[in-house]
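Undergrad: Have a look at this prediction, sequence included:
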Amino acid sequence: MPTFTALTTLTGKPAAQALGEALERMQVPPDGVGVFEMEDGSGLWEVGAYFTARPDEAALAVLAAAFDAAPFVVSELPETDWVAHVRRELAPVRAGRFFVYGSHDADKVPPGVEPLLIEAAMAFGTGHHGTTLGCLRALDRLIERGFVAARVADIGCGTAVLAMAAARVWDGVFIASDIDPVAVEVALANLAANGLSGRVGCVEAAGFDHPDLAGNAPFDLIFANILKGPLVALAPDLVRHLRPGGQAILSGILAEQADEVAQVYAREGAGELAREQIGDWVTLHLARSA
């Protein structure tokens with residue numbers, strides 16, 4: 001069966017969300033709608049719809065005009081088993097002592113590594129993206145320097161790969177959280193697949209808005225691999241939930257955004273220790289002043 005996507009961009013979150021809601025009220029509604037902030041620093045939002053029958057392009061044109069959006073680009077998608085495709089394309093990733101792989105590559109796990117089994121799924125964080133890879137490398141360097149964390153939070157956890165990596169090397173309290181319920185389900189499945197159920201708590205929460213996070217603060221280490229906007233908004237709360245001397249590893253930051261994010265956190269009392277750029281993305285390693 002052919003499937004179709006319709007994509008547009010416009011300025012501002014409220015307008016993008018309103019357009020997404022309007023798409024759902026079409027006479028023949030799409031099978032799914034997504035509203036995403038673009039990661040290029042342009043301030044634009046992308047609104048996309050997925051259809052299992054060719055959409056009414058005239059109706060889409062009216063909606064685009066009504067919300068001052070760019071014209072929708074409609075594309076027909078080939079029939080593809082995307083999970084199987086991703087599994088073929090995603091080779092295992094080595095990040096210091098950590099080895100991230102899918103079950104189809106279980107025979108490739110070398111000796112002497114900390115293995116992390118992550119399946120292709122509907123959540124961010126397979127280790128291939130520069131942001132996740134940067135966080136794992138930063139964690140590996142932190143361990144090399146002898147740092148030990150007894151309380152770790154992974155905010156915006158996606159697959160929970162970062163929380164799992166920490167739980168592989170330390171004993172203590174580990175909490176992974178995400179605002180997306182699908183990501184929480186994926187994280188729980190990954191914890192089970194890695195034998196870490198019960199070692200890592202997983203909760204649905206926005207930022208630190210959950211009793212499990214508040215009750216276990218202050219943390220020795222906090223991961224936040226999200227995007228610049230949420231990172232900046234989260235800065236006061238994140239630093240407040242770190243113990244004095246505690247460390248933070250932040251990513252989801254484009255190279256041109258890194259200085260601004262670092263300055264925001266410095267004003268809150270968390271200074272930059274190091275940064276690494278992988279492709280267009282930067283990972284910041286910070287520490288709260290003692």
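TA: That came in fine, so what should we check first?

Undergrad: where in the stretch 151-290 of the chain is pLDDT low?
TA: The model of the stretch 151-290 of the chain has no residue with pLDDT under 70.

Undergrad: what ranges do the strands span in it?
TA: Using DSSP state E, counting those that start in this stretch, the strands of the stretch 151-290 of the chain run over residues 151-155, 173-178, 200-204, 219-225, 242-254, 270-278, 281-288.

Undergrad: Please work out the angle formed by the directions of the fourth one and strand 281-288.
TA: Meaning strand 219-225. Computed with axes from the mean of the first three to the mean of the last three CA atoms, to 10 degrees, the direction of strand 219-225 lies at 160 degrees from that of strand 281-288.

Undergrad: now strand 219-225 against strand 151-155, angle please.
TA: Using the same axes, to 10 degrees, strand 219-225 lies at 20 degrees relative to strand 151-155.

Undergrad: So what touches strand 219-225?
TA: For strand 219-225, the surrounding residues in contact (CB atoms under 8 Å, 6 or more residues apart in numbering) are 125, 131-132, 135, 139, 142, 147-158, 162-163, 166, 172, 230-231, 234, 238, 241-243, 246-252. Glycine gets a C-beta too; all of them are placed from N, C-alpha and C.

Undergrad: coming back round to it: who wins for proximity to Trp45 among the strands of the stretch 151-290 of the chain?
TA: Judged by CB to CB, the one of the strands of the stretch 151-290 of the chain that comes nearest to Trp45 is strand 242-254, at 16.2 Å.

Undergrad: what's the domain layout of this protein?
TA: For the chain, the structural domains run 3-77, 123-288, going by automatic domain parsing.

Undergrad: Number of residues surrounding Arg240?
TA: Close neighbours of Arg240, defined as other CB atoms under 10 Å, add up to 13.

Undergrad: quick one: pLDDT of Glu37?
TA: Looking at Glu37, its pLDDT stands at 85.

Undergrad: In the sheet, which residues pair with it? Tell me.
TA: Trp45 (DSSP bridges).

Undergrad: and it, what is it in contact with?
TA: Lys13, Leu44, Trp45, Glu46, Leu227, Gly229.

Undergrad: Drop anything exposed from these.
TA: Neighbour-count burial (16 or more other CB atoms under 10 Å) applied to the contacts of Glu37 gives Leu44, Trp45, Glu46, Leu227.

Undergrad: Surely Arg243 and Ala287 touch.
TA: No. The pair Arg243 / Ala287 is not scored as a contact, 10.5 Å apart, by CB atoms under 8 Å.

Undergrad: Stretch 51-63 - what's its average pLDDT?
TA: 93.

Undergrad: Using the neighbour-count criterion, name the buried positions in it.
TA: Of the residues in stretch 51-63, Phe51, Pro55, Asp56, Leu60, Leu63 count as buried by neighbour count, 16+ other CB under 10 Å.
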